[in-house]
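[1] Need a 3D model of the sequence below.
(one chain, ligands or ions: 2)
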Amino acid sequence: MLDTNPPVIEIRDLHKSYGELEVLKGVDLVAPRGHVVALIGSSGSGKSTLLRCANLLEESQRGEIFFEGEPIQWRGEGAGRHPADRAQVTRIRTNLSMVFQQFNLWAHMTILENVMEAPVTVLKRDRAEVEERARHYLDKVGIGDKADAWPAQLSGGQQQRAAIARALCMEPRALLFDEPTSALDPELEQEVVKVIKDLATEGRTMIIVTHDMRLAADVADHVIFLHLGKIEEEGPPEAVFGNPQTERLRQFLSATA
Ligand code: ADP
Ligand code: MG
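    Ligands and ions are numbered 1, 2, ... in the order given. You can find the predicted model right below:
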């Protein structure tokens with residue numbers, strides 16, 4: 001059936017510089033509802049920057065970003081460009097939950113408190129309702145029994161699953177993952193991969209930066225290969241991994257194999 005919903009995220013011709021260094025040189029990205037987009041590329045190619053620009057953690061100097069069809073309002077131009085509407089920024093950021101490589105759990109809060117924190121303090125949701133939802137998502141990622149533990153008492157894989165539960169508890173429109181398995185030992189990596197695969201099967205909209213080509217091949221509807229701030233090649237995983245067109249992508253894939 002034709003999907004008439006606007007994409008959750010659409011980025012057009014995005015340019016981003018840090019001072020003199022141009023890190024994104026005109027990048028497009030579309031994440032339709034229910035789709036998974038994987039971002040691959042060498043270290044320094046701009047993957048994290050693109051993800052951070054998408055949820056407005058970073059500013060960009062040129063190009064457009066749409067959230068569910070709604071354009072981000074900007075004020076000023078070029079290096080002086082900023083989002084014009086703080087309420088819009090907050091609304092979009094809380095609807096695009098990030099999961100980071102280093103989990104970023106609050107060490108002084110229990111796992112349950114970590115998961116409940118943003119819905120209660122940012123979204124001002126009812127505490128009892130949030131607790132119920134938090135316990136549901138902790139069960140879902142397989143650590144319901146760790147609700148009262150401290151982050152330091154959990155393995156890396158369990159901490160990352162708690163971070164995913166925390167992102168889910170915001171009930172976002174999309175999840176953005178930045179190398180979610182890179183800090184984990186191989187045996188712990190798989191428990192996080194399984195959770196991400198389950199989320200993809202459920203039809204969650206996700207953008208996943210990953211060095212794990214198998215994960216990208218398994219879950220992505222669309223793969224984008226970034227090289228030095230530009231899209232060098234993109235397409236469905238079968239094409240990108242099975243029949244790469246550019247020498248750069250072929251080299252990248254043989255180096256990561
Ligand atoms: P990736 O995630 O693909 O490894 P990044 O988006 O982190 O790449 O970085 C892209 C480029 O931007 C790199 O050259 C990096 O050094 C530079 N960069 C990233 N963050 C900053 C920053 N806060 N200030 C200056 N340069 C940065
Ligand atoms: Mg990165």
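[2] pretty sure Cys53 is touching Tyr18, no?
    No: using Cβ atoms under 8 Å, Cys53 makes no contact with Tyr18, being 11.8 Å away. C-betas here are computed from N, CA, C, even on glycine.
[3] more crowded one of these two?
    Ranked by neighbour count (other Cβ atoms under 10 Å), Cys53 and Tyr18 place Cys53 first, with 23 against 9.
[4] For that one, which residues are in contact?
    11, 14, 16, 24, 59-60, 65 (Cβ atoms under 8 Å, 6 or more residues apart in numbering).
[5] got a list of contacts for the longest helix seen in the chain?
    Longest helix in the chain by number of residues (criterion: DSSP state H): helix 186-201. For helix 186-201, the surrounding residues in contact (Cβ under 8 Å, 6+ apart) are 36, 141-142, 155-158, 160-161, 164, 175, 177, 180-181, 184, 206, 208, 212, 215, 218-219.
[6] Ligand 1 contacts on this protein?
    Counting by Cβ under 6 Å from any ligand atom, the residues of the chain close to ligand 1 are 18, 21, 23, 41, 43-49.
[7] Tell me the buried residues within the contacts of Cys53.
    Neighbour-count burial (16 or more other Cβ atoms under 10 Å) applied to the contacts of Cys53 gives 11, 14, 16, 24, 60, 65.
[8] among the residues of the chain next to ligand 1, which are in strands?
    Those of these mapping onto strands are 18, 21, 23, per DSSP state E.
[9] Next SSE downstream of the longest helix of the chain?
    Using DSSP states H and E, the next helix or strand after helix 186-201 towards the C-terminus is strand 206-209.
[10] strand partners of that next one, parallel vs antiparallel please.
    strand 36-40 (parallel), strand 174-178 (parallel) (DSSP bridges).
[11] Need the contact partners of the last one.
    It stands for strand 174-178. So strand 174-178 is contacted by 8-9, 31, 47-48, 51, 54-55, 95-101, 164, 167-168, 196, 199, 204-210 (Cβ under 8 Å, 6+ apart).
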